[in-house]
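S.K.: coords below, sequence missing:
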């Protein structure tokens with residue numbers, strides 16, 4: 001590349017480089033990396049939000065379990081039976097079971113988030129940027145050699161004509 005390149009020459013070189021098969025492949029790798037990274041980051045964020053929501057549910061139900069522990073006033077017991085056809089002990093065990101189910105879901109979601117995080121770290125350990133720029137540079141060097149060859153052929157033609 002010389003310092004007197006016109007904008008048309010620069011544009012022609014960049015377009016040629018962008019169409020080079022190795023550069024196209026490197027772009028595809030870069031785009032795939034970016035897409036996979038974004039998907040994993042979104043999965044982690046959504047998973048953490050889900051865990052937070054599940055744990056709020058655990059806290060709310062745990063409060064209900066504690067409300068139902070011990071002696072439950074007769075008046076409230078009668079109302080509970082009439083309104084729900086279940087007594088406080090039944091609701092205690094229902095809520096306890098739900099607390100345990102929500103905890104299990106939260107743990108499972110934690111495991112998913114952990115796996116996504118491991119995948120993201122593995123992906124980020126080998127980003128394609130260096131390879132992409134190496135492919136672009138190699139293609140640019142190939143273009144420059146091609147252009148040099150064309151220039152030399154032009155010089156030979158003019159020398160032969162003389």
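M.R.: In hand now; what should we look at? Since the structure is predicted, the reported quantities are computational estimates derived from the model, not experimental observations.

S.K.: Quick one: name whatever helix or strand follows the longest helix along the chain.
M.R.: Longest among the helix segments of the chain by residue count, using DSSP state H, is helix 21-68. As assigned by DSSP states H and E, the chain's next helix or strand after helix 21-68 is helix 74-84.

S.K.: other SSEs contacting that following helix?
M.R.: Packing contacts for helix 74-84, counted by 3 or more Cβ pairs under 8 Å, 6 or more residues apart in numbering; DSSP states H and E, involve helix 88-124. For the C-beta atoms, the positions are set from N, CA and C on the backbone; glycine is no exception.

S.K.: What angle do helix 74-84 and the helix it packs on make with each other?
M.R.: Put simply, helix 88-124 runs at 70 degrees to helix 74-84, going by axes from the mean of the first three to the mean of the last three Cα atoms, to 10 degrees.

S.K.: If we go by neighbour counts, what in helix 88-124 is buried?
M.R.: 88, 91-92, 94-96, 98-99, 102-103, 105-106, 109, 112-113, 116, 119-120 (16 or more other Cβ atoms under 10 Å).

S.K.: And for stretch 127-135?
M.R.: Residues of stretch 127-135 classed as buried by neighbour count (16+ other Cβ under 10 Å): 128, 131, 132, 135.
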